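Student: Quick one, fold the following:
(2 chains)
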Amino acid sequence: MLPIQLIVALLAGIAITALLFRGAPALAGHTVGRVVLLVGIAALPLLLSIGNISYGVHQSSTTGFCLSCHEMQRHGKSLFADNRQALAATHYQNRLVDRETVCYSCHKDYAMFGDVTAKLNGLRHVWAHYIAGVPAKIELYKPYPNSNCLHCHDDARRFVDGVAHRPIVSALYAGTTSCLSCHRIAHDMAKVDAEQFWQAH
Amino acid sequence: MADVNDKATRRIRRAAVVGGLGLLVQFVAALHWTPMTFILSAAIGAPLVLVGGGLFLRAVWKNMREKGAV
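Tutor: Predicted structure coming up:
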């Protein structure tokens, strides 16, 4: 979908800059005119650019953004896989994470610079998509960290009271045992290939 | 004095062109919003706007110096 407000604002900014280009000789002659030039040529374009970039950064966290590259579309389909054990599917289908930002919610680190790292990795993805080529097998850059799961499940009753969790809870917190060693299926590609999907209605 | 004002106008117009070009790049990118156009918008459009702002401030500074204000 087109960012209409952004487009209108940028168009207005261009029109204002063009007007000021024309009116510069007259405006530069008096104080108010110089302030108008300062706002129109320096401050307004800068504000519009900040708005544009912040819109883009926000959009880059959305599920639609991640799935706009064709190589990620199978992963996108796995959100609908008919498998309650598959992590991506169960989180999406049960609304355990915001559907608008489902990829980002699970795949960004929640450490201090988690957002920055995720965005930089996003740049690597774009580089791979357009320039370097997509690897035959899409893999994570590093093993999936338990801290990402614990960010939400940490004090959740199902996790705390889970019989299987109790004996290994310290190992889970220490990261010496991966959550994925039991919850093995993150994206159920077999169901995707078999086109076995869950539908709400 | 007229020469000083002409110079100042020319510099301000140059800043407006560069800044406007930056906005134009961002506008075109926003018309077809993809990961690549966003990166182009942020890597080319926004820096052009910054340069435009910088040129404007430089124009003001030079104009003030030429008029003996600083």
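Student: Please make it C-alpha for all contacts and neighbour counts, starting now.
Tutor: Fine.
Student: how distant is the helix ranked longest in chain B from the center of its chain?
Tutor: When chain B is parsed with DSSP state H, its longest helix is helix B:2-31. Mean-position distance between helix B:2-31 and its chain equals 5 Å (C-alpha atoms, centre = their mean, to the nearest Å).
Student: which parts of that helix are buried?
Tutor: Across helix B:2-31, burial judged by 16 or more other C-alpha atoms under 10 Å in any protein chain shown covers B:5, B:7-30.
Student: what are the phi and psi angles of whichever residue of chain B sits closest to chain A?
Tutor: Distances between chain B and chain A by C-alpha to the nearest C-alpha are smallest at residue B:53, namely 4.2 Å. For residue B:53, the backbone dihedrals are phi -60, psi -40 (criterion: degrees, to the nearest 10).
Student: Tell me the residues of chain A that contact chain B?
Tutor: Counting by C-alpha under 8 Å from any C-alpha of the partner chain, the positions of chain A adjacent to chain B are A:2-3, A:6-7, A:10-11, A:13-14, A:17-18, A:20-21, A:24-25, A:28, A:38, A:41-43, A:45-46, A:49, A:52-53, A:56, A:60, A:65, A:68, A:126.
Student: Out of those residues, which end up buried?
Tutor: Among those, those buried by neighbour count (16+ other C-alpha under 10 Å) are A:6-7, A:10-11, A:13-14, A:17-18, A:20-21, A:24-25, A:28, A:38, A:41-43, A:45-46, A:49, A:52-53, A:56, A:60, A:65, A:126.
Student: List the residues that contact the nearest residue to residue A:195 once chain neighbours are set aside.
Tutor: In this structure, residue A:195 finds its nearest non-sequential neighbour in residue A:81, 7.8 Å apart by C-alpha to C-alpha, 6 or more residues apart in numbering or on different chains. Counting by C-alpha atoms under 8 Å, 6 or more residues apart in numbering or on different chains, residue A:81 touches A:89, A:188, A:191-192, A:195-198.
Student: need the next SSE after the strand or helix carrying residue A:57, C-terminal direction.
Tutor: If you go by DSSP states H and E, residue A:57 is part of helix A:44-59. Using DSSP H and E, the helix or strand that follows helix A:44-59 towards the C-terminus is helix A:63-66.
Student: Quick one: distance of that next one to the chain centre.
Tutor: So, by C-alpha atoms, centre = their mean, the centroid of helix A:63-66 is 7 Å from its chain's centroid.
Student: State the mean pLDDT of that helix.
Tutor: Helix A:63-66 carries an average pLDDT of 93.
Student: What of stretch A:169-188?
Tutor: Over the span of stretch A:169-188, the pLDDT mean works out to 96.
Student: List the buried residues for it?
Tutor: A:172, A:178-179, A:186-188.
Student: which ones among those are found in helices?
Tutor: residue A:172.
Student: quick one, domains of chain A?
Tutor: A:4-59, A:64-193 (automatic domain parsing).
Student: Could you double-check that residue A:151 sits in contact with residue A:109?
Tutor: No: look at residue A:151 against residue A:109 with C-alpha atoms under 8 Å: they stay out of range, at 9.3 Å.
Student: If you count surrounding residues, which of those two has more?
Tutor: For residue A:151 and residue A:109, the more surrounded residue by other C-alpha atoms under 10 Å in any protein chain shown is residue A:109, and the numbers stand at 20 against 14.
Student: And what about the more buried one, helix, strand or coil?
Tutor: Under DSSP: H, G, I helix; E, B strand; the rest coil, residue A:109 falls in the coil class.
Student: per-residue confidence for it?
Tutor: pLDDT at residue A:109 comes out at 90.
Student: quick one: average confidence on stretch B:13-30?
Tutor: 96.
Student: go on, stretch A:94-105?
Tutor: Stretch A:94-105 comes out at a mean pLDDT of 95.
Student: buried sites along it?
Tutor: Using 16+ other C-alpha under 10 Å as the test for burial, stretch A:94-105 gives A:97, A:99, A:101-105.
Student: who touches the residue nearest to the spatial centre of chain B in this structure?
Tutor: Geometric centre of chain B, nearest residue: residue B:52, 1.6 Å, by C-alpha atoms, centre = their mean. Contact analysis of residue B:52 by C-alpha under 8 Å, 6+ apart lists A:41-42, B:14-20.
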